[in-house]
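> what shape does this take:
(2 chains)
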Amino acid sequence: MSSLNAELEREDAVLELSGLRVRLGGRAVLQDIDLRVRPGEFVGVIGANGAGKTTLLKVILGLVRPDEGQVRIAGRDVRDARSLVGYVPQSFSPDPDLPLRARDLVALGLDGARWGFSLGGRQRRGRIDEALSWVDAERYADQPIGRLSGGELQRLLVAQALIAQPRMVLLDEPLANLDLRSQDDVVDLVGRVAHERGVTVVLVTHDMNPLLPVMDRILYLARGQAALGTVDEVVRGDVLSQLYGHHVDVVRVHGRILVVGGTDSESLTCSTCDG
Amino acid sequence: MLAFITELLAAPAVGTALLIGSLVAVTSGVVGVFVVVRGQSFAGHALGDIGTTGAAAAYLGGVPALYGFIGVGVLGGLAIERLGERARERDIATGIVLSFLLGVGSLLLYFMTQRISATGGPVAILFGSIFTVDPAVTLPVALFSLLALLLLGFLYRPLVFASVHPQAARARGVPLQGVGILFMLALAIAVEESALVAGALLSTALLIGPAAAAVRWTRHIGQAAAVAALLGLVTVWLGIALAYQSYFWSGAHRGWPVSFFIVMLVLLEYLLARIGPAKRASRSDAPREAA
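Model prediction:
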């Protein structure tokens, strides 16, 4: 790749992490993370508990300052880029009696951080309806959120992140506690957000399998270090063995990928519990 | 019935009671909705209890009890919020602040019982004294209510966001600590005003009861606040009317305390809300308001 192309790509990057190092409580949580994500790209951040996923998210959101290295969002410092980043938090189980409708939850993404009341208005309502339609949630727009399913709630959180028209959305374990069908629905929805709407997607999860159909690149985290590339480049025995620091095998069964530890034979979710 | 109402309104103590009671009912109802949504009813209850200390100090110092209630309530509220930043710590922080201030309060109540001029004080503080409230505190009560409601109006959107999903709110730039502290201020005002009407021990009744029922019947927070305020008003009015009427129930010509009736009515509302139908979940039942 010529240096001119590299230059162009640099300009284009929506998210750019360079030489990132984070230490928390004397322990290196993230080391030497480099990542450059283009508009409309879908990056899955995969790793077990304790691999540094949550810290990485917090760094990108500007909630944790890295000890070394840089985070730039569309060329800006994270602190000036808050409006460019939509955040889809881990789902939650609201009280069944919570007096809040689906549309109210989505509206919080538009102006929930502003003081005072919203004066409403047709334009605001139009934007809320539009965001609801992006995630096919019109049907339950006026229902109290405490009575919705986990998948419906997750869609609303995506709409909440999209309504402010960010350049990038960050999703934190959006598939947790969902049944397989809802998982596929959410993955399909988020894939369309990236590839049809051109919004960069960074999705953090512990299981890569549901993302295989839509993920452009994978950032595989273990022991605070990362391997970055396409699934075929990264999810290989030699690459992951080096990352984990001990031998692992990658097994493909029925289109699913399992990462099996050298000493035990548990699947991905547990072989990586190196905390 | 009509004659009873006319007679009721003609009594000057009742007029003051209705006015102050109404202000308190509205404030408590509106603040209470957020207390229920945020799960802070223990903090609310603790603020009522520790208000005792302030009110006793105010009695001993010859100042209207309202200022004692609110002064200690605000300080206690800030202490709870400062000590308990994480949800898990909040209960413990509340418990510590509560027991410390109640300990001081019990000493002050003891001093009051030693003074002939203040012997009625402890009962008034603990169980409410709406009929003997000095009419001069009506204006301060109104101003404090206004302050609490303005504060909630200012906080509205970030407070809803922070209450529903704190992590998402933080990521969007909502200052969770600042919002928490300002809300605690509004909560302290509502609870301590309510203590003036229903007594320190029962002040959470007006705060939690109408709000808990309203939350079950409504679909969004604004609606819940309006219904809670309305329920609070009806509760206080009925409570005052029944307390006034109870004066004639026994030969002794001594009325029962208003707080008793308020608590009974609150319980009734809550039970109705629990056993009655909750908000309907299907969209066709709910006509959408125009934009």
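
> residue ranges with poor pLDDT in the stretch 51-200 of chain B?
Along the stretch 51-200 of chain B, the parts satisfying pLDDT under 70 run over B:85-88, B:116-119.

> same check, this time on chain A
A:1-11, A:262-275.

> would you map the helices across it?
Using DSSP state H, the helices of chain A run over residues A:3-12, A:53-61, A:102-111, A:122-134, A:150-162, A:180-195, A:231-234, A:237-244, A:268-271.

> likewise the stretch 51-200 of chain B?
Taking DSSP state H, counting those that start in this stretch as the criterion, the stretch 51-200 of chain B carries its helices at B:65-83, B:87-113, B:121-127, B:138-164, B:166-171, B:176-198.

> looking at these, which is buried most?
helix B:176-198 (a mean of 25; mean count of other C-beta atoms under 10 Å in any protein chain shown). C-beta coordinates here come from the backbone N, C-alpha and C atoms, glycine included.

> right, and the helix or strand after it?
helix B:203-217 (DSSP states H and E).

> now do that next one against helix B:176-198, angle only.
If you take axes from the mean of the first three to the mean of the last three C-alpha atoms, to 10 degrees, helix B:203-217 sits at 110 degrees to helix B:176-198.

> in the stretch 1-150 of chain B, what residue is nearest chain A?
Across the stretch 1-150 of chain B, the shortest distance to chain A (C-beta to the nearest C-beta) belongs to B:Val37, at 6.5 Å.

> which non-adjacent residue is nearest that residue?
B:Ser163 (5.0 Å; C-beta to C-beta, 6 or more residues apart in numbering or on different chains).

> separation between that neighbour and B:Gly180?
From B:Ser163 across to B:Gly180, the span is 10 Å (C-beta to C-beta, to the nearest Å).

> got a list of what the residue of the stretch 1-150 of chain B closest to chain A touches?
B:Val37 sits next to A:Asp95, A:Leu98, A:Pro99, B:Val160, B:Ser163, B:Val164, B:Val215, B:Ile221 when contact means C-beta atoms under 8 Å, 6 or more residues apart in numbering or on different chains.

> measure the fourth one to B:Glu192 for me?
Spelled out, that is B:Val160. 24 Å.

> what do you get for the last one?
Distance of B:Ile221 to B:Glu192, computed by C-beta to C-beta: 23 Å.

> could you check how many residues crowd around A:Pro27?
Rather than Pro, residue A:27 is Arg. Look at A:Arg27: counted by other C-beta atoms under 10 Å in any protein chain shown, it has 9 neighbours.

> would you confirm that B:Gly48 contacts B:Glu192?
Yes: if you go by C-beta atoms under 8 Å, B:Gly48 and B:Glu192 touch, sitting 7.5 Å apart.

> need the residues touching each of those two.
Common neighbours of B:Gly48 and B:Glu192 (C-beta under 8 Å, 6+ apart) are B:Ser203.

> so the residue nearest to B:Val37 sits against B:Val33, correct?
No: judged on C-beta under 8 Å, B:Ser163 makes no contact with B:Val33 at a distance of 10.0 Å.

> picking that back up, look at the residue of the stretch 1-150 of chain B closest to chain A and give its secondary structure.
Recorded secondary structure, B:Val37: helix (DSSP: H, G, I helix; E, B strand; the rest coil).

> doesn't B:Val33 belong to a helix?
Yes: judged by three-state DSSP, B:Val33 forms part of a helix.

> contact partners for it?
By C-beta under 8 Å, 6+ apart, B:Val33 lies in contact with A:Pro99, B:Ala211, B:Ala214, B:Val215, B:Ile221, B:Ala224, B:Ala225, B:Ala228.

> many thanks, have a good one.
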